[in-house]
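Peer 1: let me see the structure of the following:
(one chain, ligands or ions: 1)
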Amino acid sequence: MELTPQEIQLFRHNGFIRFPTQLSKDHVEALKATALKDMEKGVEPVARQDGRIIRISAVWQRGGIFQETITCDEILNPLESLLGPNIEFVLNRHNHVYLRDAGSTHSLELHRDVRHWSRTIATVLIYLEDTNLENGCTRVVPGSHHLPAFASLEDETIRRIAADQTIPLPMPAGGLLAIDSMIIHSAGINRTDRTRMSMTLGYHSADELTWEDNSRRVLVRGEQPYRGNDKPRE
Ligand SMILES: O=C(O)CCC(=O)C(=O)O
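Peer 2: Residues are numbered from 1 along each chain as shown. Alright, predicted model coming up:
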């Protein structure tokens, strides 16, 4: 399903959009089961907090259902409305599944994923469990992707403005949230005794000025056209 011109405009204006598509219940259960198995077995690379595995990284490289999810139509069809027909998946930003519990501290601080609008990515958050105010749904500052590129969240005024304007975005299991990664955002605190699992994926349009193969990106839709003006004429 494509996005409407209004949804595309809202994404550009606000810096986020809930996709009209969702992953099926079966897909979510299978993905969750595989991620939990990798966590139980400690399949590297993983991140730990207080000895517990709270994140599995390099999910593209794990293949199987992870790659099926990264390339599924439920994500790539609406993403194509934002990025155009040639889409690359970014291996070295996100590319992970988080299991957040009450003790998790990762990504709780308001932040941007990238530092400049000329190099932003579209991040898709896939919720593998319902997220809400209690278990720490994602929080965003609408429109903050337009703030000056190097507005630093270490600056006290910017931090106060961002904190005052943050809104929570509850999502159902299987729900897909796309953000412009320049948007100021964070995960919320999980105040329950249950987990909150989500997968985070970064995409951008295929770079028409990059000539060499880039081993840190994978083309997941369309083609890789080179349009540099040094291209030999046919
Ligand atoms: O999981 C979330 O709600 C936000 C994740 C996040 O901020 C990040 O991965 O940069």
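Peer 1: what pLDDT does residue 111 get?
Peer 2: Looking at residue 111, its pLDDT reads 93.
Peer 1: burial count for it?
Peer 2: 13 (other C-beta atoms under 10 Å). Quick note: C-beta positions are derived from backbone N, CA and C, even for glycine.
Peer 1: repeat for residue 27
Peer 2: 18.
Peer 1: same deal with residue 211?
Peer 2: Count around residue 211 with other C-beta under 10 Å applied: 11.
Peer 1: mind telling me what element it is part of?
Peer 2: For residue 211, there is no helix or strand it lies in under DSSP states H and E.
Peer 1: I'd guessed it sits against residue 225; true?
Peer 2: No - with contacts counted by C-beta atoms under 8 Å, residue 211 stays clear of residue 225, the gap being 11.3 Å.
Peer 1: do stretch 177-194 and the ligand come into contact?
Peer 2: Yes - using C-beta under 6 Å from any ligand atom, stretch 177-194 reaches the ligand at 185, 186, 187.
Peer 1: list the buried residues in that stretch.
Peer 2: Residues of stretch 177-194 classed as buried: 177-188, 190 (neighbour count, 16 or more other C-beta atoms under 10 Å).
Peer 1: how about the strands in the protein?
Peer 2: In the chain, the strands defined using DSSP state E lie at 16-22, 46-49, 52-56, 87-90, 96-100, 122-127, 138-140, 167-169, 175-180, 185-186, 196-205, 217-221.
Peer 1: dump the C-alpha coordinates for the fifth one into CSV.
Peer 2: Listed next in CSV are the C-alpha coordinates belonging to strand 96-100 (Å, rounded to 0.1, in the frame of the first residue of the first chain):
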residue,chain,number,x,y,z
HIS,A,96,18.8,-4.4,15.6
VAL,A,97,16.1,-5.8,17.9
TYR,A,98,15.7,-4.4,21.4
LEU,A,99,14.2,-6.1,24.4
ARG,A,100,13.5,-3.3,26.9
